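Visitor: I'd like to go over a predicted model; first the sequence, then the structure.
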Amino acid sequence: METILSLKNLNKKFGKIHAVNNLSFDIKKGAIYGILGPNGSGKSTTLGIILNVVNKTSGEFSWFDGKISTHQALKKVGAIIERPNFYPYMTAIQNLQLVCKIKEIPTTKIEEKLKTVNLFERRNSKFRTFSLGMKQRLAIASALLNDPEILILDEPTNGLDPQGIHEIREIIKNIAANGTTILLASHLLDEVEKVCTHVVVIREGLKLYSGSVDEMTASHGLFELKVESDSSKLLEVLSQFEGISAIKEEENTIIATLSKPISASEINNYLFKNNVVLSHLVKRKPSLEQQFLTLTNNKS
Ligand SMILES: Nc1ncnc2c1ncn2[C@@H]1O[C@H](COP(=O)(O)OP(=O)(O)OP(=O)(O)O)[C@@H](O)[C@H]1O
């Protein structure tokens, strides 16, 4: 599959702050990628570097297999990394015409893009009459005017109400369904789970996980275990079992996180042979949220 963007050992330091720490990942054509991380984890800095508005400290990134210069490549990229400045007293169409003029691109796509973001009916309304959600959708239309190969969005639903959030997410999925690759940064697990096909989880600039959202949500899972009596023997025996990465106790239930696929009968047999009789055993798949918390907590 064609590589749209490749990051290799990218670093950015702001004085003592290591905002992006040896970050490497690839963006392949046609997927929806989420960079997921808490506030201050380096998402915006990473986007700034690949868009040439922040200077990297070290490392490499290359657009479109490095076949063209970054300057040329960025002509095939649509990005919204700051709230765009539209003119309040101009209509949606007039604002987009101005964008075309500034970017020196034809105005032929304006109506099509307004339809893509469900603003065609409001094309002649002044920008100042728009809700926050509509303003954000106009920004997306603006970033699409040059028919980019990839659309980059930083926290696309920040500050919107639930209806506005839903609308933006549906629009992003539609744009992707029509062949545009998407890269978005978000601190919302729910957003990444609902919108993205692939995720790069970062914390303090470090990559903690990258892969498909499906694999992440379906990866090895966890066991809930209970014994009738004191759980100390269970904890001891479990801790010696290879394939368990974390054990914690929650209200008389032991939660064991798996680092490889282990069946319920396998663990039950092992415990029984070691004189532990369970009163409760359930295998669960963790939500992305649980996994995200496990990932981010384990690295502290
Ligand atoms: N221009 C700057 N000068 C100094 N430090 C900066 C600068 N820009 C970002 N940082 C620091 O780099 C780190 C990463 O910030 P960044 O904005 O990339 O994170 P983020 O994940 O996008 O978070 P948020 O969603 O809160 O913007 C933070 O500690 C931030 O304070």
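Guide: Great, that's in hand.

Visitor: quickly list what the residue nearest the centre of the chain is bridged to.
Guide: Centroid check for the chain by CA atoms, centre = their mean gives residue 34 as the closest residue, at 1.9 Å. When bridges are called by DSSP bridges, residue 34 pairs up with residue 184, residue 199.

Visitor: one more: residue 80?
Guide: Going by DSSP bridges, residue 80 forms beta bridges with residue 153.

Visitor: offset the numbering so it begins at 562, please.
Guide: Got it, first residue is 562 now, which makes that one residue 641.

Visitor: so it is in contact with residue 705, correct?
Guide: No: the criterion here is CB atoms under 8 Å, and residue 641 misses it with residue 705 at 10.1 Å. The way it works is simple: take the backbone N, C-alpha and C, and place the C-beta from them, glycine included.

Visitor: return the residues of the protein in contact with the ligand.
Guide: 575, 578, 580, 598, 600-606, 748 (CB under 6 Å from any ligand atom).

Visitor: check contacts around the residue of the stretch 612-761 of the chain at minimum distance from the ligand.
Guide: In the stretch 612-761 of the chain, the residue that lies nearest the ligand is residue 748 (5.5 Å; CB to the nearest ligand atom). Listed by CB atoms under 8 Å, 6 or more residues apart in numbering, the contact set of residue 748 reads 597-600, 602, 604, 716.

Visitor: show me which of those is closest to residue 812.
Guide: Nearest to residue 812, judged by CB to CB, of the contacts of residue 748 is residue 599 at 26.8 Å.

Visitor: ok, so what distance separates the closest residue in space to the closest one that isn't next to it in sequence from residue 610?
Guide: The shortest distance from residue 599 to any non-neighbouring residue, by CB to CB, 6 or more residues apart in numbering, is to residue 748 (5.7 Å). Counting by CB to CB, to the nearest Å, the gap from residue 748 to residue 610 is 19 Å.

Visitor: which among the residues of the chain next to the ligand count as buried?
Guide: For the residues of the chain next to the ligand, a neighbour count by 16 or more other CB atoms under 10 Å gives the buried set as 580, 598, 602-606, 748.

Visitor: adding distance to residue 782 and pLDDT, write those out as JSON lines.
Guide: Formatted as JSON lines, these follow (distance: CB to CB, whole Å; pLDDT from 0 to 100):
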{"residue": "580", "distance to residue 782": "33", "pLDDT": "96"}
{"residue": "598", "distance to residue 782": "23", "pLDDT": "92"}
{"residue": "602", "distance to residue 782": "26", "pLDDT": "93"}
{"residue": "603", "distance to residue 782": "29", "pLDDT": "95"}
{"residue": "604", "distance to residue 782": "28", "pLDDT": "95"}
{"residue": "605", "distance to residue 782": "33", "pLDDT": "95"}
{"residue": "606", "distance to residue 782": "34", "pLDDT": "96"}
{"residue": "748", "distance to residue 782": "25", "pLDDT": "92"}
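
Visitor: and those residues, which is closest to residue 631?
Guide: When these are ranked by distance to residue 631 (CB to CB), residue 606 comes first, at 16.7 Å.

Visitor: show me what the helix or strand containing the closest one is packed against.
Guide: Taking DSSP states H and E as the definition, residue 606 sits inside helix 604-611. Applying 3 or more CB pairs under 8 Å, 6 or more residues apart in numbering; DSSP states H and E, one finds that helix 604-611 contacts strand 564-575, strand 578-589, strand 593-597, strand 619-624, strand 711-715, strand 742-747.
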